[in-house]
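Visitor: Requesting a structural model of the entry that follows:
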Amino acid sequence: MADSSTPDIIYTIVDEAPELASGSFLPIIRSFASAAGVSVGTKDISLAGRILATFPEYLSDNQRQSDDLAELGELVKTPSANVIKLPNISASVPQLVAAIKELQSQGYALPDYPEEPATEEEKEVRAKYDGIKGSAVNPVLREGNSDRRAAAAVKNYAQNNPHRMGKWASDSKTKVSSMPGNDFFANEVSATLTAAQAGAAKIEFVAKDGTVTVLKDSWPLDAGTVVDATFLSAKALSAFLAEQIEETKAEGTLFSLHLKATMMKVSDPIIFGHAVKAWLAPVFEKHGAALLAAGVNPNSGLGDVLARIAEMPNASEIQADIDALTAERPPMYMVNSDKGITNLHVPSDVIIDASMPALIRGGGKGWGPDGNESDTNCVIPDNCYAGVYDESIKFFKANGALNPSTAGTVQNLGLMAQKAEEYGSHPTTFEAEADGTIRIVLASGETLHSHDVEAGDIWRACTVKKAPIENWIQLALDRQRLTGYRSIFWLNADRAHDAELIKLVKPALEAAGVANKFEIMSPRDATAASLETITKGENTIAITGNVLRDYLTDLFPILELGTSAKMLSIVKLMNGGGLFETGAGGSAPKHVEQLVEENHLRWDSMGEFCALGESLNFLADVKDNAKAGVLGKAAEVATQGILDYNRSPSRKVGEPDNRDSHYWFALYWAQALASQTEDAELAAHFKPIADALESKQPDILAELSAVQGRHAELGGYYHADTDKVAHIMRPSATLNAIIG
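Guide: This next block holds a predicted model:
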């Protein structure tokens, strides 16, 4: 359970590898912080925690959990907010269902997830669970815009110790394929609301017979809000996917689909399901009625489809048809070729902002079912941001791989405050149940946007308020002034939404007298310009919308640093507080698997180290706590020490892992505090701790190493046993005695 009071710093309870790492690192933070009178509390935003908080009526008194996400959502609106946010699961349906089943097995009498709700009670349960899916956390906490960049120490280390890059060949067949039209990009319309248009709007579906169904009622829209609407044609999507399967086979490459079915929790699982149906098209044509009766839902992925087929009476016949079809299909990009897990198995297995940068870093190669690397057809149906990856691939084909030892850096300022843009679109995204019209009707009765749709089309609306846009522009002005870097607004004048933002950006730049210091480019052109800039060893700032913020702060760090987990991520909350994010969690599931099998955790806590220093420095500033400032400066020294002495975790069992890196961080932190001259009391406090950590180093490292190579029992994946995690993550009695 989370702390009931509001401590100086909130450290979030999350999921998977980052949460396991907290079992080792959080006790160190609390011990050191207490010496400066700094309290560190926790709030549970994990998937399991959010599920339990949503269904108190099903639980006993001792099982109930407070709604920590809602509490944090209020806290981040205050000037005193100081939150260190680790990456949490943005759950797909298969992940959500797995978490529910695990909790049920642990004695929590939760309701099942209704795949096809029939009763009012089931519909209510489904609505509550759907509120937990996807990007349920970030829109609540991000009451500010994003400032993401590589910390100077991290960038210097990457240049001095360049990671391995795959080789790009000019004749590589790897490419990005997108729909020729009738997608979200092509169909988008956008408008900025006037004061007369503001108020409670509705989203309505008008059937061919004129019947009106309200899809969303009482949708508050403020004056100055940019409101978009668009749709993607299901027929056009299906035709495109069928073409790409055949084209991939003809070109002799791997077929791969790249979406974000976790964050874009309504639209992308549907698109994913279309891909599964396209891949198994002859099977669905032949056995469609039986598959439907068996509850087969392609949106849940090929793995779920195969599992349900295995329980059907004619399973062997259907499986034989699938095997025969697979032999005719092109080879598929694999998540795990050893285990036969394909690109289409689970919607949350292939997340575009992790999968595409990894493929690009690897020279355009993906792993095939034969265990070998091959060129890949990267299918990204919608054109809104596919051009970023397409242009990256074309650039590296022409110029060869990026050289991390000489490359400059791309920093990012992202517009995301108050549920800005696509990530706030989930409650306003719908799959058309029939042919008709979907429209936005304003409080005045005016129809703002309207689209004619066909059954199965995916329609969505999204908004961004004026205040976040103005704050975002001001952040850009501040960062450009401080750095002097090339600064580019990634906005496409030919895209409806971006054109509305440009109407605000250009006057603001002109009013500030700095229009000549900024450029406005389409994402494709900005990609080429940014790659050209960093290839020359120079730096640039990408000023982007919400989704691009997410995509680019994986793409460029993975190319520059080898990972996105080491990014410095500061959210300057609009009411004065600070939210310090610790990096990406895309590789976390594999890390947990290795820990369970080998008791080796390769999760790199560099993001946590960077965020901790920033959080302490922020605390020193806003609460005039000089001791917190001393802690913050020393934490930065410790972070530099981790890099300088290569104390980050190794990937292989038997070598130093996450727990070792935490020991080294504690040692360097204590030494920096003991040697500083700003605060004699802190120096005296940490001198014996530093001496003990150093003198007992052989014992501590031996105790940490001794546990590796054996099975580790967590007591659960989504809802691990706290005592078991503590036992696993704090195996050194010597270190524990020193830290306390």
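Visitor: residues contacting the residue nearest to Glu454 when sequence neighbours are not counted?
Guide: Excluding the flanking residues, the one nearest Glu454 by CB to CB, 6 or more residues apart in numbering is Asp435, at 5.0 Å. Glycine gets a C-beta too; all of them are placed from N, C-alpha and C. By CB atoms under 8 Å, 6 or more residues apart in numbering, Asp435 lies in contact with Ala207, Lys208, Val453, Glu454, Ala455.
Visitor: Which pair in these has the greatest spatial separation?
Guide: Ala207 and Glu454 (12.2 Å; CB to CB).
Visitor: if we can go back for a sec, take the contacts of Asp435 and write them to CSV, including pLDDT, distance to Ser256 and neighbour count.
Guide: As requested, the contacts of Asp435 are exported to CSV (pLDDT from 0 to 100; distance: CB to CB, whole Å; neighbours: other CB atoms under 10 Å):
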residue, pLDDT, distance to Ser256, neighbour count
Ala207, 98, 38, 13
Lys208, 97, 38, 9
Val453, 98, 28, 24
Glu454, 98, 28, 14
Ala455, 98, 28, 12
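Visitor: and the residues you listed as CSV, adding distance to Ile28?
Guide: Shown next, in CSV, are these (distance: CB to CB, whole Å):
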residue, distance to Ile28
Ala207, 61
Lys208, 64
Val453, 55
Glu454, 57
Ala455, 56
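Visitor: Between those, which sits nearest Asp147?
Guide: Val453 (38.4 Å).
Visitor: what is Ile10 paired to in the beta sheet?
Guide: When assigned by DSSP bridges, Ile10 has beta-bridge partners Gly41, Val83.
Visitor: number of nearby residues for it?
Guide: Neighbour count of Ile10, defined by other CB atoms under 10 Å: 26.
Visitor: can I assume it is in contact with Glu71?
Guide: No. Ile10 is not in contact with Glu71 according to CB atoms under 8 Å; the separation is 9.5 Å.
Visitor: Which neighbours do those two have in common?
Guide: The contact lists of Ile10 and Glu71 share Lys43, where a contact means CB under 8 Å, 6+ apart.
Visitor: Surely Val441 touches Ala201?
Guide: Yes. If you go by CB under 8 Å, Val441 and Ala201 touch, sitting 6.3 Å apart.
Visitor: More neighbours: which of these two?
Guide: In this view Val441 and Ala201 are compared by other CB under 10 Å, and Ala201 has more residues nearby, 25 against 18.
Visitor: per-residue pLDDT, the closest residue to that one other than its chain neighbours?
Guide: The shortest distance from Ala201 to any non-neighbouring residue, by CB to CB, 6+ apart, is to Trp219 (4.6 Å). Looking at Trp219, its pLDDT reads 96.
Visitor: I figured Trp219 was touching Gly199, is that so?
Guide: No. The pair Trp219 / Gly199 is not scored as a contact, 9.5 Å apart, by CB under 8 Å.
Visitor: more neighbours, those two?
Guide: It is Trp219, of Trp219 and Gly199, that has more neighbours when counted by other CB under 10 Å, with 20 against 16.
Visitor: Going by neighbour count, list what's buried in the helix or strand that one falls within.
Guide: Assigned by DSSP states H and E, Trp219 belongs to strand 212-221. Judged by neighbour count using 16 or more other CB atoms under 10 Å, the buried positions of strand 212-221 are Leu215, Trp219, Leu221.
Visitor: who touches Ser172 in this structure?
Guide: Counting by CB under 8 Å, 6+ apart, Ser172 touches Gly363, Gly364, Asp375, Ile393, Lys397.
Visitor: out of those residues, which are inside helices?
Guide: Among the contacts of Ser172, the members found in helices (DSSP state H) are Ile393, Lys397.
Visitor: out of the contacts of Ser172, who's nearest Leu291?
Guide: Ranked by distance to Leu291 (CB to CB), those are led by Asp375 at 32.9 Å.
Visitor: ok, then the element right after the helix or strand of the chain with the lowest mean pLDDT?
Guide: Least confident helix or strand of the chain, by mean pLDDT, DSSP states H and E, is helix 138-141 with a mean of 83. For helix 138-141, the following helix or strand on the C-terminal side (DSSP H and E) is strand 144-150.
Visitor: what comes up buried for that next one?
Guide: The neighbour-count check on strand 144-150 (16+ other CB under 10 Å) flags Gly144, Asn145, Ser146, Asp147, Arg148, Arg149, Ala150 as buried.
Visitor: can you pull up the bridge partners for the first one?
Guide: Note on Gly144: beta-bridge partners by DSSP bridges are Leu573.
Visitor: Which residues are in contact with it?
Guide: By CB under 8 Å, 6+ apart, the contact list for Gly144 reads Val76, Ala417, Asn471, Val571, Lys572, Leu573, Met574, Gly577, Leu579.
Visitor: Assumed the last one was part of a strand.
Guide: Yes. Leu579 sits within a strand when classified using DSSP: H, G, I helix; E, B strand; the rest coil.
Visitor: I'd assumed Cys610 was in contact with Ile84.
Guide: No. Contact criterion CB under 8 Å: Ile84 and Cys610 do not qualify, at 10.2 Å.
Visitor: which neighbours do the two share?
Guide: Counting by CB under 8 Å, 6+ apart, the shared contacts of Ile84 and Cys610 are Thr582.
Visitor: and Thr326, that's in a strand?
Guide: No. Assessed with three-state DSSP, Thr326 is helix; it does not lie in a strand.
Visitor: Now do it, the pLDDT please.
Guide: We have a pLDDT of 95 for Thr326.
Visitor: Quick check: which ranges of the stretch 601-740 of the chain have low pLDDT?
Guide: For the stretch 601-740 of the chain, no stretch is flagged by pLDDT under 70.
Visitor: Show me where it has its helices.
Guide: For the stretch 601-740 of the chain, the helices defined by DSSP state H, counting those that start in this stretch occupy 606-622, 626-644, 658-675, 680-695, 697-706, 722-729, 733-739.
Visitor: Redo the ones you listed as a markdown table? Include mean neighbour count and distance to Gln159.
Guide: Shown next, in a markdown table, are the helices of the stretch 601-740 of the chain (neighbours: other CB atoms under 10 Å; distance: least, CB to CB, whole Å):
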| stretch | mean neighbour count | distance to Gln159 |
| --- | --- | --- |
| helix 606-622 | 25 | 16 |
| helix 626-644 | 21 | 11 |
| helix 658-675 | 24 | 21 |
| helix 680-695 | 16 | 30 |
| helix 697-706 | 16 | 29 |
| helix 722-729 | 16 | 32 |
| helix 733-739 | 17 | 32 |
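Visitor: Need those helices in JSON lines (columns: distance to Ala294).
Guide: Listed next are the helices of the stretch 601-740 of the chain as JSON lines, based on distance: least, CB to CB, whole Å:
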{"stretch": "helix 606-622", "distance to Ala294": "43"}
{"stretch": "helix 626-644", "distance to Ala294": "52"}
{"stretch": "helix 658-675", "distance to Ala294": "43"}
{"stretch": "helix 680-695", "distance to Ala294": "59"}
{"stretch": "helix 697-706", "distance to Ala294": "49"}
{"stretch": "helix 722-729", "distance to Ala294": "38"}
{"stretch": "helix 733-739", "distance to Ala294": "52"}
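Visitor: Of these, which is nearest Ala526?
Guide: Closest to Ala526 of those, according to CB to CB: helix 606-622, at 25.5 Å.
Visitor: for the stretch 401-550 of the chain, what spans make up the helices?
Guide: So, for the stretch 401-550 of the chain - with DSSP H, counting those that start in this stretch - the helices run 466-483, 496-511, 523-535, 546-560.
Visitor: measure Ile45 to Ala70 for me?
Guide: Ile45 sits 10 Å away from Ala70, going by CB to CB, to the nearest Å.
Visitor: Which of the two has more residues huddled nearby?
Guide: Ile45 (26 against 12).
Visitor: In contact with the more buried one: list those residues for me.
Guide: Neighbouring residues of Ile45 by CB under 8 Å, 6+ apart: Thr12, Ile13, Val14, Asp68, Leu69, Leu72, Lys85, Asn88, Val137, Leu141.
Visitor: Right, I'll call it a day here.
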